[in-house]
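Asker: the following block contains a protein sequence and its predicted model.
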Amino acid sequence: MERKVRVEKQEKIAVITIDNPPLNVMEKQVIDELKEVFAELEQDKETVVVILTSAGDRAFMAGADIKEFPSLMGRTGIKEHFMENHRMLSNIDHFPKPVIAVLNGLTFGGGCELALTCDLRIAEEHVQIGLPEIKLGLFPGGGGTQRLSRAVGEARAKEIMFTGEPIDANKAEMIGLVNAVVPKGEGLGKAMEIAAKITPYSLPALERVKKAVDEGLDLPLEQGLEREAELFEEVFQTKDIQEGVQAFIQKRKPVFTHQ
């Protein structure tokens with residue numbers, strides 16, 4: 001069986017490309033292969049930053065495979081089927097290394113939900129982003145109701161989901177859904193540029209930045225500050241902080257070993 005998710009590595013950056021033409025839909029094979037490659041990259045000590053994108057320029061991902069839906073209609077006890085998808089998406093959300101999504105075409109439904117699991121999002125100018133499930137008598141079931149509201153706020157998220165209407169890349173940047181908008185074909189280059197700024201840094205510190213922010217969002221401020229202090233204590237036990245402080249004193253660039 002031909003693979004639909006491939007990985008290419010360039011120094012400390014891994015680029016994951018979903019290649020499931022014509023619209024890179026999130027079918028079971030794609031889900032299984034994404035789960036597999038992220039598990040491998042988590043253990044890869046050479047990889048510091050992961051970039052997630054798709055082949056072509058028509059769609060980052062145009063949602064789930066609707067052809068799979070009829071077999072689920074009218075059935076009860078199918079929550080576990082949906083939780084299987086949630087586990088894959090949550091694995092990316094909790095992946096301990098920075099993940100940058102490059103949106104290079106339609107980013108609808110499950111594609112939007114996949115992008116929301118990433119830490120940063122770069123959109124090419126022709127991109128349309130939306131959660132159109134309401135038009136099928138559905139609502140977003142891959143984390144969209146939870147992650148979108150955390151990203152852009154309750155009212156914006158409800159508007160996008162209630163109407164099912166997509167927004168363009170510039171509107172997405174305006175509401176904070178994407179970090180940057182670039183010309184068509186330049187998304188991967190922009191992501192590589194950002195990744196190159198991150199890769200020289202200590203992975204234990206980057207991992208704790210991600211944990212502190214993500215876990216803190218679900219906590220009251222005082223508890224979030226306590227969690228930050230716990231993670232700050234942890235980072236003081238690493239070899240990288242010794243190197244960073246010593247390099248500062250010696251007026252040189254640090255060379256981190258991610259330990």
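Answerer: Received the coordinates, thanks.
Asker: backbone dihedrals for the nearest residue to residue 179 once chain neighbours are set aside, please?
Answerer: Excluding its sequence neighbours, the residue lying closest to residue 179 (CB to CB, 6 or more residues apart in numbering) is residue 120, at 5.0 Å. Heads up, the C-betas are built off the backbone N, CA and C, glycines and all. Backbone geometry at residue 120, expressed as degrees, to the nearest 10, gives phi -130, psi 150.
Asker: only the buried residues of the helix-or-strand element of the chain with minimal mean pLDDT, if you could.
Answerer: Within the chain, no helix or strand scores below helix 79-93, which has a mean of 86 by mean pLDDT, DSSP states H and E. For helix 79-93, burial by neighbour count (16 or more other CB atoms under 10 Å) applies to 85-86, 88-89, 92-93.
Asker: centroid-wise, who is the farthest residue in this protein?
Answerer: residue 250 (37.1 Å; CA atoms, centre = their mean).
Asker: could you check how far that residue is from residue 243?
Answerer: Using CB to CB, to the nearest Å, one obtains 10 Å as the distance from residue 250 to residue 243.
Asker: contact partners of the least confident helix or strand of the chain?
Answerer: Taking contacts as CB atoms under 8 Å, 6 or more residues apart in numbering, the residues outside helix 79-93 that touch it are 26, 31, 34-35, 38-39, 52, 72, 99, 110, 113-114, 117-118, 141-143, 147, 214.
Asker: what about those residues, which are in strands?
Answerer: Mapping the contacts of helix 79-93 onto strands (DSSP state E) picks out 52, 99.
Asker: do a quick rundown of the helices in the chain.
Answerer: With DSSP state H as the criterion, the chain has helices at 28-43, 79-93, 110-116, 144-152, 154-163, 169-174, 187-198, 203-216, 221-235, 239-249.
Asker: same for the third one, what does it pack against?
Answerer: Using 3 or more CB pairs under 8 Å, 6 or more residues apart in numbering; DSSP states H and E as the contact definition, the elements that helix 110-116 packs against are strand 59-61, helix 79-93, strand 99-103, strand 128-130, helix 144-152.
Asker: what average pLDDT does it get?
Answerer: Across helix 110-116, pLDDT averages out at 97.
Asker: what residues does it touch?
Answerer: With CB under 8 Å, 6+ apart as the criterion, helix 110-116 contacts 24-26, 52, 59-64, 85, 89, 92, 101, 103, 107, 121, 129-131, 140, 142-144, 147-148, 151.
Asker: filter those residues to the buried ones?
Answerer: Applying 16+ other CB under 10 Å to these flags 24-26, 52, 59-64, 85, 89, 92, 101, 103, 107, 121, 129-131, 140, 142-144, 147-148, 151 as buried.
Asker: tally of neighbours for the nearest residue to residue 147 once chain neighbours are set aside?
Answerer: Closest residue to residue 147 apart from its sequence neighbours, by CB to CB, 6+ apart: residue 116 at 4.0 Å. Look at residue 116: counted by other CB atoms under 10 Å, it has 26 neighbours.
Asker: relative to residue 117, how far out is the nearest residue to residue 161 once chain neighbours are set aside?
Answerer: In this structure, residue 161 finds its nearest non-sequential neighbour in residue 131, 5.1 Å apart by CB to CB, 6+ apart. For residue 131, the distance to residue 117 equals 14 Å [CB to CB].
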